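**Q** Please find the sequence and the predicted model below.
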Amino acid sequence: MTRRESSLLASFSDYLEAQRLVDRMSDDGFPVESVRIIGDGVRTVEQVTGRMTRGRAAAAGAASGAWFGVFIGLLFGLFTAGAAWVPLLLVSLVIGAFWGAVFGFVAHWSTRGQRDFSSVMTLQAQRYEVHVDQAMAARAARYVL
C-alpha cells in the first residue's frame, strides 16, 4: 500500500461523529476512497460481563460445540438421501454439544481459578481524526461546518 499525503479534515471525540461525516460525504458523491478515519490514543477496555464458573464454561462450550455439530451435520447431510439428514443433523448437534461442554469444562478447570470471570474486550480511542488526501482537501473542506 502506498502512503499518500493527507490533510486533517476534522477531529471528533466519538467514532460515530466521524462515521456520520464520512457517510454524509459518501451520500453526496464524494470519492470516499481518499478518506481515512484514524483513532488516536488507542487503548483496550475490558468490560467484565460476569463470573465464570465451571458450569457456565461447560454451557458456553456446549453452545459453541452444538453450532459446530450442526455445521458438520449439514456437511454430512449433503451426502445423504431423503429425510435421513434430519436425524444425522440432530445426532451431530448432540455430539457437538457434549464434546463442547467437556472441552469448555476442562479448559476452565485447567486454569485453576486464575480467570474466574468472562469479559468482552474492545478498542477505544481518545480522538478520531478524519483525514483526506491532499488532492481532495479543498473539495472536502465544505463538509465541515
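**A** Yes, it's here.
**Q** Can you get me a residue count around the nearest residue to His108 once chain neighbours are set aside?
**A** Once flanking residues are discounted, His108 sits nearest to Ala57: 3.4 Å by C-beta to C-beta, 6 or more residues apart in numbering. Every C-beta, even on glycine, is put in place using the N, C-alpha and C of the backbone. If you count neighbours by other C-beta atoms under 10 Å, Ala57 ends up with 21.
**Q** which SS class is Ala57?
**A** Here Ala57 is recorded as helix under DSSP: H, G, I helix; E, B strand; the rest coil.
**Q** how close does it sit to Phe68?
**A** From Ala57 across to Phe68, the span is 16 Å (C-beta to C-beta, to the nearest Å).
**Q** give me every residue that touches Leu88.
**A** The contact partners of Leu88, taken as C-beta atoms under 8 Å, 6 or more residues apart in numbering, are 73, 76-77, 80.
**Q** my read is it is in a helix, agree?
**A** Yes. The assignment for Leu88 by three-state DSSP puts it in a helix.
**Q** And for the most centrally placed residue in the chain, nearest residue in space, chain neighbours not counted?
**A** Central residue of the chain (C-alpha atoms, centre = their mean): Thr122, 9.2 Å from the mean position. Using C-beta to C-beta, 6+ apart and skipping residues adjacent in sequence, the residue nearest Thr122 is Val45, 5.3 Å away.
**Q** would you say the one you found is within a strand?
**A** Yes. The assignment for Val45 by three-state DSSP puts it in a strand.
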